[in-house]
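Colleague: fold the following and give me the result.
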Amino acid sequence: MNFVGTFWSLVPPIIAIALALITKEVYMSLFIGILSAALLYANFSPVATTEAIFEVMISKLGDAWNIGILIFLVFLGIMVALMTRAGGSAAYGEWANKKITSRRGALLSTFGLGALIFVDDYFNCLTVGSVMRPVTDRFNISRAKLAYIIDATAAPICIIAPISSWAAAVSGYTSGDGFSLFLQTIPFNLYALLTIMMVVYMAYSDFDFGPMARYEHNAKTTGDLHSGSSEYHSERELPVSGKGKVIDLVLPVLFLIGSCITCMVYTGGFFDGTDFITAFANCDASMGLVLGSFISLVFTFLLYIPRKVITFKEFAECIPEGFQMMVSAIIILILAWTLGGFCSDMLAAGTFVETALEGSSISVGIFPVVLFVIATGLAFATGTSWGTFSILIPIATEIFPEGSPLLVIAIAAVLAGAVCGDHISPISDTTIMASAGAQCNHVNHVSTQMPYAMVVAASCLVGYSVAGFVQNWFAVFGSAVVTLFVILTVLKNRNKAN
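Modeller: This next block holds a predicted model:
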């Protein structure tokens with residue numbers, strides 16, 4: 001029996017995600033998902049199944065982009081270990097404790113930093129986490145809440161930032177002037193805009209619901225930031241230098257931001273005469289992040305060693321420590337990439353969705369909301385928003401003529417749905433990195449974040465339902481915002497009643 005390009009191609013990720021949420025064991029859940037995908041692909045032949053698993057895994061590990069991301073993870077882990085050992089993180093925490101005097105301030109500061117680092121979502125997740133952990137820990141903010149804010153200011157910020165690796169990717173999937181079309185989608189990207197509003201509201205009001213409320217209650221009342229479940233409890237604490245200053249964290253982070261941006265545009269040909277925007281559109285973000293993080297590591301060495309903040313031996317000890325810090329994220333990423341490879345490449349989940357869409361007789365008016373739902377489901381199941389863009393954006397451009405307001409709204413709905421699905425998927429690399437950045441148990445992050453994302457998604461459904469018939473931004477955005485705050489008000493009143 002042939003399972004390729006059928007509904008069965010979506011079953012393995014559904015199995016993996018359901019098992020992860022039920023058992024809280026992400027490694028085994030992902031592996032079982034991979035095993036089920038391989039069985040379907042190999043028609044349940046034991047030998048062919050085993051071969052397929054490792055063929056796909058090796059192909060993903062041999063992919064230059066993926067290798068670059070893994071190297072970037074390791075370099076960033078080493079930098080975090082160095083900043084901790086040098087006392088920079090502790091000094092920054094003490095300084096921030098004087099400047100930031102409340103939980104609200106800590107939460108809003110985390111959001112603000114995430115919004116500023118809009119160049120790349122991977123970079124955002126790990127940098128914001130390493131900088132803000134000492135601050136949020138001081139105010140007993142749970143790691144689950146920190147992971148949510150990091151995740152909510154990664155892809156949702158990047159997808160509406162004209163200068164980002166995401167803008168470059170989306171522009172490449174559209175026809176004609178892709179960058180101009182991307183700019184037009186920003187006001188209609190409801191999921192990104194409402195997620196930003198949601199984060200600010202939740203931070204300002206200090207209101208939580210669903211599983212997040214329990215994690216926050218435990219953090220506030222007992223100081224247990226993990227609610228008893230974290231692989232990070234077992235980490236060996238590094239000795240901290242007493243010579244560290246705030247600049248020992250701030251300078252490496254600022255240099256890292258600057259060097260990564262510079263190296264990204266370098267890979268796009270900026271220093272060969274290409275303009276900045278085009279260089280960003282053509283950049284190799286993975287290589288740019290590797291080069292930028294390596295140069296930053298060299299800069300950190302030159303900043304610490306001559307000033308004797310740490311010794312050469314201590315610097316060397318931070319290399320395996322930083323690698324160890326990222327092992328959990330690396331394992332989950334490899335398993336997630338393998339599962340995604342089976343679904344997207346071997347079982348052709350995208351082909352199934354594409355065929356189903358093209359064969360349907362959907363009314364033009366409800367197409368935006370249908371695209372949002374399908375994009376959310378596809379990104380959730382496969383763990384990739386960029387893959388979802390590549391499948392659904394060409395379909396939208398074929399259905400609506402160039403210059404049509406509905407074309408902009410349809411593409412915006414695809415972008416919003418893809419980011420929504422990516423945001424809540426346990427096998428999304430961005431979600432995995434947000435967990436790593438916050439040093440939060442991955443399943444805890446997914447289970448606490450999902451209700452928040454679903455509230456925003458429900459509001460988007462209303463907005464895109466209106467958009468299909470009234471292509472007026474105020475009506476579309478206004479209906480979605482009103483829905484969001486009605487839902488939040490109901491939830492808040494229910495919590496008070498209980």
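
Colleague: nearest the middle, which residue of this structure would you pick?
Modeller: Nearest to the mean C-alpha position of the chain, by C-alpha atoms, centre = their mean, lies residue 430 at 2.7 Å.

Colleague: that one contacts residue 126, doesn't it?
Modeller: No: contact between residue 430 and residue 126 fails when scored by C-beta atoms under 8 Å: they sit 10.8 Å apart. Just so you know, the C-beta spots here come from the backbone N, C-alpha and C atoms, and that holds for glycine as well.

Colleague: contacting residues around residue 449?
Modeller: Residues in contact with residue 449 (C-beta atoms under 8 Å, 6 or more residues apart in numbering) are 144, 147, 148, 151, 152, 212, 423, 424, 431.

Colleague: most neighbours among these, which one?
Modeller: Top of the contacts of residue 449 by neighbour number is residue 151, holding 35 neighbours under the definition other C-beta atoms under 10 Å.

Colleague: ok, now which ones touch that one?
Modeller: Residue 151 makes contact with 125, 423, 430, 431, 434, 445, 449 under the criterion C-beta under 8 Å, 6+ apart.

Colleague: try it again with 6 Å
Modeller: Going by C-beta atoms under 6 Å, 6 or more residues apart in numbering, residue 151 touches residue 434.

Colleague: how about residue 42?
Modeller: Contacts of residue 42 by C-beta under 6 Å, 6+ apart are 48, 49, 52.

Colleague: kindly state the pLDDT recorded for the first one?
Modeller: The predicted local confidence for residue 48 comes out at a pLDDT of 93.

Colleague: ok, the one 5 residues further on next?
Modeller: Confidence at residue 53, expressed as pLDDT, is 93.

Colleague: which residue, other than its chain neighbours, is closest to it?
Modeller: Spatial nearest neighbour of residue 53, chain neighbours left out: residue 38 (4.7 Å); criterion: C-beta to C-beta, 6 or more residues apart in numbering.

Colleague: so what's the residue count around the one you found?
Modeller: Applying other C-beta under 10 Å, we find 26 residues neighbouring residue 38.

Colleague: please report how far it lies from residue 10.
Modeller: Residue 38 sits 15 Å away from residue 10, going by C-beta to C-beta, to the nearest Å.

Colleague: ok, back up a step: now tabulate the contacts of residue 449 in CSV and tack on pLDDT.
Modeller: Converted to CSV, those look like this (pLDDT from 0 to 100):
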residue, pLDDT
144, 92
147, 93
148, 94
151, 92
152, 91
212, 93
423, 89
424, 86
431, 89
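
Colleague: now the residues you listed in TSV, with secondary structure and distance to residue 188?
Modeller: Formatted as TSV, the contacts of residue 449 follow (DSSP: H, G, I helix; E, B strand; the rest coil; distance: C-beta to C-beta, whole Å):
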residue	secondary structure	distance to residue 188
144	helix	31
147	helix	28
148	helix	24
151	helix	22
152	helix	19
212	helix	28
423	helix	18
424	helix	21
431	helix	24
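
Colleague: returning to what we had before: mind checking which of the contacts of residue 42 land in helices?
Modeller: Judged by DSSP state H, the contacts of residue 42 include 48, 49, 52 as members of helices.

Colleague: quick one: residues contacting the last one.
Modeller: With contacts defined as C-beta under 6 Å, 6+ apart, the neighbours of residue 52 are 38, 41, 42.

Colleague: what average pLDDT does the helix or strand where residue 91 lies get?
Modeller: Residue 91 is part of helix 88-99 when elements are defined by DSSP states H and E. The average pLDDT within helix 88-99 is 77.

Colleague: what does stretch 272-290 give?
Modeller: Here the average pLDDT along stretch 272-290 is 81.

Colleague: figure out how far it is from the centre of its chain.
Modeller: Between the centre of stretch 272-290 and the centre of its chain there are 21 Å (C-alpha atoms, centre = their mean, to the nearest Å).

Colleague: so how far is the first residue of stretch 6-14 from its last?
Modeller: Its start and end residues considered, stretch 6-14 measures 14 Å (C-alpha to C-alpha, to the nearest Å).

Colleague: can you list the buried residues in it?
Modeller: In terms of neighbour count (16 or more other C-beta atoms under 10 Å), stretch 6-14 has its buried residues at 6, 8, 9, 10, 11, 12, 13.

Colleague: same deal with stretch 485-498?
Modeller: Residues of stretch 485-498 classed as buried: 487, 488, 491 (neighbour count, 16+ other C-beta under 10 Å).

Colleague: ok, the first one touching residue 455?
Modeller: It stands for residue 487. Yes: assessed by C-beta atoms under 6 Å, residue 487 is found in contact with residue 455 at 5.3 Å.

Colleague: and the strands in the chain, which stretches?
Modeller: Secondary structure of the chain (DSSP state E): no strands located.

Colleague: list the contacts of stretch 285-301.
Modeller: For stretch 285-301, contacts defined as C-beta under 6 Å, 6+ apart pick out 65, 68-69, 71-72, 75-76, 82, 120, 165, 252, 255-256, 259-260, 263-264, 267.

Colleague: which residues touch the residue nearest to the centre of the chain?
Modeller: Each residue near residue 430 by C-beta under 6 Å, 6+ apart is listed here: 121, 154, 155, 422.

Colleague: quick check: the two most widely separated of the buried residues of stretch 6-14?
Modeller: Using C-beta to C-beta, the buried residues of stretch 6-14 span at most 14.3 Å, a distance reached by 6 and 13.

Colleague: quick one on the thing from earlier: any chance of CSV for the contacts of residue 42, columns distance to residue 28?
Modeller: Formatted as CSV, the contacts of residue 42 follow (distance: C-beta to C-beta, whole Å):
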residue, distance to residue 28
48, 22
49, 17
52, 19
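
Colleague: so where's the stretch 201-350 of the chain uncertain?
Modeller: Regions of the stretch 201-350 of the chain meeting the criterion pLDDT under 70 cover residues 228-238, 281, 350.

Colleague: distance of residue 314 relative to residue 323?
Modeller: As judged by C-beta to C-beta, residue 314 and residue 323 stand 16 Å apart.

Colleague: residue 130 now?
Modeller: From residue 130 over to residue 323 the distance is 15 Å, taken as C-beta to C-beta.

Colleague: these two: who's more crowded?
Modeller: Each of residue 130 and residue 323 had its neighbours counted (other C-beta under 10 Å), and the higher figure belongs to residue 130 (26 against 16).

Colleague: how many residues are close by the closest residue to the more buried one other than its chain neighbours?
Modeller: Using C-beta to C-beta, 6+ apart and skipping the chain neighbours, the partner closest in space to residue 130 is residue 80 (4.4 Å). Using other C-beta under 10 Å, residue 80 is surrounded by 26 other residues.

Colleague: right, and residue 80 touches residue 128 too?
Modeller: No: the criterion here is C-beta under 6 Å, and residue 80 misses it with residue 128 at 11.7 Å.

Colleague: circling back: check the residue nearest to residue 130 and give its pLDDT.
Modeller: 79.

Colleague: for it, give its distance to residue 290.
Modeller: 16 Å.

Colleague: likewise residue 40?
Modeller: 35 Å.

Colleague: still on that earlier bit, and which of the contacts of residue 52 is nearest residue 221?
Modeller: Of all the contacts of residue 52, residue 221 sits closest to residue 38, with 45.6 Å by C-beta to C-beta.

Colleague: re earlier: out of the buried residues of stretch 485-498, which is nearest to residue 92?
Modeller: Lowest distance from residue 92 to these (C-beta to C-beta) belongs to residue 488, with 32.8 Å.
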